[in-house]
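*Asks:* Need coordinates for the below:
(chains A, B, C and D)
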2 protein chains.
Amino acid sequence: MFSKTCEYAIRAMIYIAQQSKSGGKTGFKQIAHAIDAPEPFIAKILQQLGRENLVQSSKGPHGGFYINEQTMNRTLADVVKAIDGDKIFSGCGLGLTFCSEKNPCPIHNEFKSIRNQMQQMLQSATVSQFNDLLDRRLVHLGRN
Amino acid sequence: MFSKTCEYAIRAMIYIAQQSKSGGKTGFKQIAHAIDAPEPFIAKILQQLGRENLVQSSKGPHGGFYINEQTMNRTLADVVKAIDGDKIFSGCGLGLTFCSEKNPCPIHNEFKSIRNQMQQMLQSATVSQFNDLLDRRLVHLGRN
DNA sequence: AAAATAAAAGACTTTTTTATCTTTTATATA
DNA sequence: TATATAAAAGATAAAAAAGTCTTTTATTTT
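*Replies:* As a prediction, this is how the structure comes out:
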């Protein structure tokens, strides 16, 4: 569905959001550990997310990654678009470049509603909406 | 969504089904051309599909690939399972191996209905149901 | 200002996926 | 039975994705 990179990115965003709620910052090692992902790979992904302004960061002692007020309201769709692009929202299920409303592939119509629902779901899910569930350990991001 | 291999496989199946309707057989070169895919790669994929009994084939002169009566009713879900496995139907959207009903990832519930719909869609689409639309050139598999 | 801390950037390696090429096996037909 | 045809199998190559390592830059604290 999503690339591995994108899966890590979503998990990292959700974790950072939770940690940032009360103004905290988190290092990439801690993030990697929390979501059970390879440290240097997460470091790279956080750089990408930073360039897209999906995470904030500060260098030096007591530095780290965090998510500010506005960014809390960014959606999973934003994260997916930043990492995997929008092919999952608009691309053809059979990988045909020409496929469109006017020149459809066989499964074009069958796929349309699923793609739309996926988009709606991702667009309505903010990165911070899981904070509570995480706090209460009702959902999980790592191995636990 | 699907691997490239799987996309080619679905397109190939749909094409072969149409060609087989009236008892015809098709060589892998013709198939590759029709669905606009690399010849030797399609040859490999057809071998896989053959092993899973999703296509029939005969060697020698006037040989080729075809799809028999029963196989006409096989679904796109069968093809996807044969090539990509069932992670798209049952896997976690965030790639978490532990994720389940009891130990859910944050987006577990959000994803469930989409996955189910995808499965239903693929399970109810037979490889032969597009024959007519293809004949009437209302849908397309290649560049056209 | 110096030392320590932490992210950013860039180069590099490994693994997986995608694609290709060559040889073998099976079948039909002349 | 010999020849031609076409798929099966196996080995190899190229490209993309995933993952790692090293150096640089920025910031804080002493």
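
*Asks:* burial measure for residue A:82, as a count.
*Replies:* Taking other CB atoms under 10 Å in any protein chain shown as the criterion, the count of residues near residue A:82 is 18. (Glycine included, C-beta is placed from N, CA and C.)

*Asks:* try residue A:30
*Replies:* 17.

*Asks:* And for residue A:83, nearest residue in space, chain neighbours not counted?
*Replies:* Distances taken as CB to CB, 6 or more residues apart in numbering or on different chains put residue A:6 closest to residue A:83, at 4.2 Å, once the chain neighbours are dropped.

*Asks:* Could you tell me whether that neighbour really is in a helix?
*Replies:* Yes - judged by DSSP: H, G, I helix; E, B strand; the rest coil, residue A:6 forms part of a helix.

*Asks:* Tell me how far it lies from residue B:20.
*Replies:* 39 Å (CB to CB, to the nearest Å).

*Asks:* ok, the residue nearest to residue A:83 - contacts?
*Replies:* Neighbouring residues of residue A:6 by CB atoms under 8 Å, 6 or more residues apart in numbering or on different chains: A:79, A:80, A:83, A:84.

*Asks:* Check residue A:32 too.
*Replies:* Contacts of residue A:32 (CB under 8 Å, 6+ apart): A:38, A:39, A:41, A:42, A:43.

*Asks:* Would you tell me what the next helix or strand after the strand or helix carrying residue A:48 is?
*Replies:* In this assignment (DSSP states H and E), residue A:48 forms part of helix A:39-51. Tracing the chain past helix A:39-51, the next element assigned as helix or strand by DSSP H and E is strand A:56-58.

*Asks:* Could you state which residue of chain A sits nearest its centroid?
*Replies:* residue A:10 (2.7 Å; CA atoms, centre = their mean).

*Asks:* Now do the same contact list for that residue.
*Replies:* A:2, A:76, A:79, A:80, B:94, B:107.

*Asks:* Give the phi and psi angles for it, as a check.
*Replies:* The phi and psi torsions at residue A:10 (degrees, to the nearest 10) take the values phi -60, psi -50.

*Asks:* Quick check: closest non-adjacent residue to it.
*Replies:* residue A:79 (5.4 Å).

*Asks:* any idea how far the one you found is from residue A:11?
*Replies:* From residue A:79 to residue A:11 the distance is 10 Å (CB to CB).
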